[in-house]
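> Structural data only, the sequence is not supplied:
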């Protein structure tokens, strides 16, 4: 019975933390990190400000958790797209396509993840930058492997990989559901552009 109560309490705590993260994303998106107060987040979650501190030390900790989850999700997405296999062109098309869909479908969260980095504490920023470097490295190594195999022809693999990632990241800044373009449509076009950016020899 005690174990059952402990599991239930853990589940409730996890649900509350998830609710706070959703509320923080909405608040940060509306007012920006610095314009948002813990009271704003608590109100959006239907909680008292005091209740927020039961689960999080500060709004910066919430930002860090949002940022870490978003970056880890992106890293997994990129690695999974590469792991499917195929030619360098097929892998790159898949990476860019999935990366674009992700940033369009989760554009609100992605704006916070990518454009509020300066608000993170120095310790948290170091951790997030490490994950970002891992994402960069996965794409750069994919482009370099395509150059080495003769599938791609670009003299600047590093610059090309940065450009490819920037395409998807910038989607979070401007994409809106009410627009004429759907995530998959944009992703298909971006995938085509990606192959041209790296000078793919067989389109």
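That came in fine, so what should we check first? Note that the structure is a prediction, hence the values are computed from the model and not measured.

> List the buried residues of the helix ranked longest in the chain.
Counting by DSSP state H, the longest helix found in the chain is helix 2-31. Neighbour-count burial for helix 2-31, counted by 16 or more other C-beta atoms under 10 Å, picks out 16, 17, 20, 21, 23, 24, 25, 26, 27, 28, 29. (Each C-beta comes from the backbone N, C-alpha and C, glycine too.)

> and these as TSV, adding distance to residue 165 and pLDDT?
Putting the buried residues of helix 2-31 into TSV (distance: C-beta to C-beta, whole Å; pLDDT from 0 to 100) gives the following:
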residue	distance to residue 165	pLDDT
16	34	80
17	29	80
20	29	87
21	24	87
23	29	91
24	25	91
25	22	93
26	26	90
27	27	91
28	22	93
29	21	90
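
> what's the distance between the closest residue to residue 108 other than its chain neighbours and residue 36?
Leaving aside its sequence neighbours, residue 108 sits nearest to residue 29 (C-beta to C-beta, 6 or more residues apart in numbering; 4.8 Å). Going from residue 29 to residue 36 by C-beta to C-beta, to the nearest Å gives 9 Å.

> Repeat that for residue 68.
The gap separating residue 68 from residue 36 is 18 Å, by C-beta to C-beta.

> Specify which residue of those two has the higher count of neighbours.
Taking other C-beta atoms under 10 Å, residue 68 and residue 36 do not tie; residue 36 has more neighbours (21 against 16).

> on that earlier part again, was I right to think the residue nearest to residue 108 contacts residue 110?
No. Taking contacts as C-beta atoms under 8 Å, residue 29 lies outside contact range of residue 110: 10.2 Å.

> name the element the residue most central in space within the chain belongs to?
Relative to the mean C-alpha position of the chain, the nearest C-alpha, by C-alpha atoms, centre = their mean, is the one of residue 70, at 4.1 Å. Assessed by DSSP states H and E, residue 70 sits inside helix 59-83.

> Now tell me what touches that helix from outside.
For helix 59-83, contacts defined as C-beta atoms under 8 Å, 6 or more residues apart in numbering pick out 20-21, 24-25, 28, 33, 36-38, 41, 56, 91, 94-95, 97-99, 102, 106, 109-110, 112-113, 116-117, 119-121, 124, 127-128, 131-132, 134-135, 138-139, 142.

> mind running it again at 7 Å?
Under the contact criterion C-beta atoms under 7 Å, 6 or more residues apart in numbering, helix 59-83 has outside partners 20-21, 24-25, 28, 33, 36, 38, 41, 56, 91, 94-95, 98-99, 102, 109-110, 112-113, 116, 119-121, 124, 127-128, 131-132, 134-135, 138-139, 142.

> what about residue 177, how many residues close to it?
Neighbours of residue 177 under the rule other C-beta under 10 Å: 9.

> Spit out the contact partners of it.
By C-beta under 7 Å, 6+ apart, no residues touch residue 177.

> Regarding the residue nearest to residue 48 when sequence neighbours are not counted, what is its secondary structure?
The spatial neighbour of residue 48 that comes closest, neighbours along the chain excluded (C-beta to C-beta, 6+ apart), is residue 42 at 6.0 Å. Here residue 42 is helix, with the state taken from DSSP: H, G, I helix; E, B strand; the rest coil.
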